[in-house]
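1. Below is the sequence, then the predicted model.
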Amino acid sequence: MTATLQEIAGTAGIDLAAEPFALVQGHTARRAARSMIGSYLALEAAPEPKLGPIADWVLAAYGFGPDHPYRRAAAPIAAAIERRDTPVPVNPYHNAHHTLEVLLNAHYLAIRNDLVATHIRLNDRERALLCLSALIHDYEHDGTMNGPTRFRLESLAYDTAHPQFRAAGMDEADCAAIRAIVLATDPAGPNLYMKALHSAAFYGGLPPEPGQAFAELKPLADDRRLLRMAALLNDADLLSSAGLSVDYADRQSAKLGAEGGRKLDCADMLRFLQHIVGGSFTTRAARFFNLNMFLIKSFAEMDVHDSNDGVDAPLIRP
């Protein structure tokens, strides 16, 4: 019998009243990050299954019953993602644990969005679609990059999940929304185009040039609510690497380097923060963690790989 998230948390010593499972009023970005890192390390060490119970817990929290198509779809997909990584992960970075972190990051950012957003607060359907997008965003990832074929891995993820969505009873409108959200995570241009769309739509930024547009992402340009969901997933995908702590960023970088066959250095981190993250998280919800990103960037500029004291590293070191 599959353990519930409450049982997994009890065994692993995880507090479900803390981040990333809940938003704790008064916590700074560094204190929130400390809670998230503790949970992620404990979950990484916990035995499987865990992705399925977490996905099911999140969807139940949004008010969807056990027979709802969202929960019916999530269970076999989560099981397939973990089964692919049994007994060892296929990829050092793009694996079931990364998916677990992105799913919980998305859940946390959805809660924070509803606290700080001045334009759009998500409804239960939108939160569920965001978390299903997080669940499948790297489905069947092969550990390489897209190369010359734009959206190659993102399309693979969606195309693998789509039959399972339909078999569970999800309608095409929901599937189309998930497709647009997932495609916008392509890090080689489309994610920055999405960020520009979001900045123009919500923060008075300049719209992207027509030549920078991607036809596959037109639904985001036409639907501000869908655009916000895509922005939250993009932030959730990058948060563990760019917004928690110097040490955890280095840990993520080591995994990604192992996947690519070379050791990544501080120059790689700076390129990642500038050209993939874009120098800032996209949404107000995730910009809460920009101070942590500033610390990570500052240490990379000093060519320091770890802070020795993790998330509590002082702003100024002797």
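-> Noted; the coordinates are in hand.

2. Return the residues in contact with residue 257.
-> 263-264, 268 (C-beta atoms under 8 Å, 6 or more residues apart in numbering). All C-beta atoms are positioned from the backbone trio N, CA, C, and that covers glycine.

3. Roughly how far does it sit from residue 276?
-> For residue 257, the distance to residue 276 equals 15 Å [C-beta to C-beta, to the nearest Å].

4. do residue 21 as well
-> Per C-beta to C-beta, residue 21 is found 27 Å from residue 276.

5. now do residue 44
-> The gap separating residue 44 from residue 276 is 23 Å, by C-beta to C-beta.

6. Counting neighbours, go ahead and name the busier of these two.
-> residue 276 (16 against 13; other C-beta atoms under 10 Å).

7. which residues touch the more buried one?
-> The contact partners of residue 276, taken as C-beta under 8 Å, 6+ apart, are 187, 191, 238.

8. Residue 175: neighbour count?
-> Residue 175: 17 neighbours (other C-beta under 10 Å).

9. Look up the closest residue to residue 103, ignoring the ones flanking it.
-> Closest residue to residue 103 apart from its sequence neighbours, by C-beta to C-beta, 6 or more residues apart in numbering: residue 134 at 4.4 Å.

10. ok, that neighbour - how many residues close by?
-> Per other C-beta under 10 Å, the neighbour tally for residue 134 reads 30.

11. For the helix or strand hosting it, what is the distance to the chain centroid?
-> With elements taken from DSSP states H and E, the one containing residue 134 is helix 124-136. Here the centre of helix 124-136 is set off from its chain's centre by 11 Å, with C-alpha atoms, centre = their mean, to the nearest Å.

12. packing partners for it?
-> Helix 124-136 sits against helix 51-61, helix 69-84, helix 96-116, helix 152-167, helix 172-183, helix 224-242, with contacts defined as 3 or more C-beta pairs under 8 Å, 6 or more residues apart in numbering; DSSP states H and E.

13. Out of those helices, which is the most enclosed?
-> Highest mean neighbour count among these (mean count of other C-beta atoms under 10 Å): helix 224-242, with a mean of 26.

14. Which elements pack onto that helix?
-> So helix 224-242, by 3+ C-beta pairs under 8 Å, 6+ apart, packs with helix 96-116, helix 124-136, helix 172-183, helix 190-202, helix 218-222, helix 246-260, helix 284-287.

15. Of these, which is nearest residue 162?
-> Taking C-beta to C-beta, helix 172-183 is the member of the helices and strands packed on helix 224-242 nearest to residue 162, at 5.9 Å.

16. orientation of that closest one relative to helix 224-242 in degrees?
-> Inter-element angle recorded for helix 172-183 and helix 224-242: 40 degrees (by axes from the mean of the first three to the mean of the last three C-alpha atoms, to 10 degrees).

17. Give me the contact list for helix 172-183.
-> Outside helix 172-183, the residues touching it (C-beta under 8 Å, 6+ apart) are 125, 129-130, 132-133, 136-137, 151, 154-155, 157-158, 161-162, 165-166, 190, 214, 216-217, 219-220, 226, 229-230, 233.

18. any idea how far it is from the chain center?
-> Chain-centre distance of helix 172-183: 16 Å, with C-alpha atoms, centre = their mean.

19. Let me know the angle separating that helix from helix 69-84.
-> With the same axes, to 10 degrees defining the directions, helix 172-183 sits at 40 degrees from helix 69-84.

20. and helix 172-183, what's its mean pLDDT?
-> Confidence for helix 172-183, expressed as mean pLDDT, is 98.

21. before we move on, what about stretch 117-125?
-> In this model, stretch 117-125 carries a mean pLDDT of 91.

22. for stretch 11-22, same thing?
-> 97.

23. what do you get for stretch 82-89?
-> Confidence for stretch 82-89, expressed as mean pLDDT, is 96.

24. what's next to it, contact-wise?
-> Residues outside stretch 82-89 that contact it (C-beta under 8 Å, 6+ apart): 48-52, 90, 95-97, 140.

25. With stretch 238-248 instead?
-> Contact with stretch 238-248 is made by 29-30, 33-34, 36-37, 40, 98, 101-102, 105, 109, 249, 252-253, 256, 272-273, 276-277, 281, 286, 289-290, 292-293, 295-296, 299, 304, 306-307, 310-311, 313, as judged by C-beta under 8 Å, 6+ apart.

26. Quick check: end-to-end length of it?
-> 12 Å (C-alpha to C-alpha, to the nearest Å).
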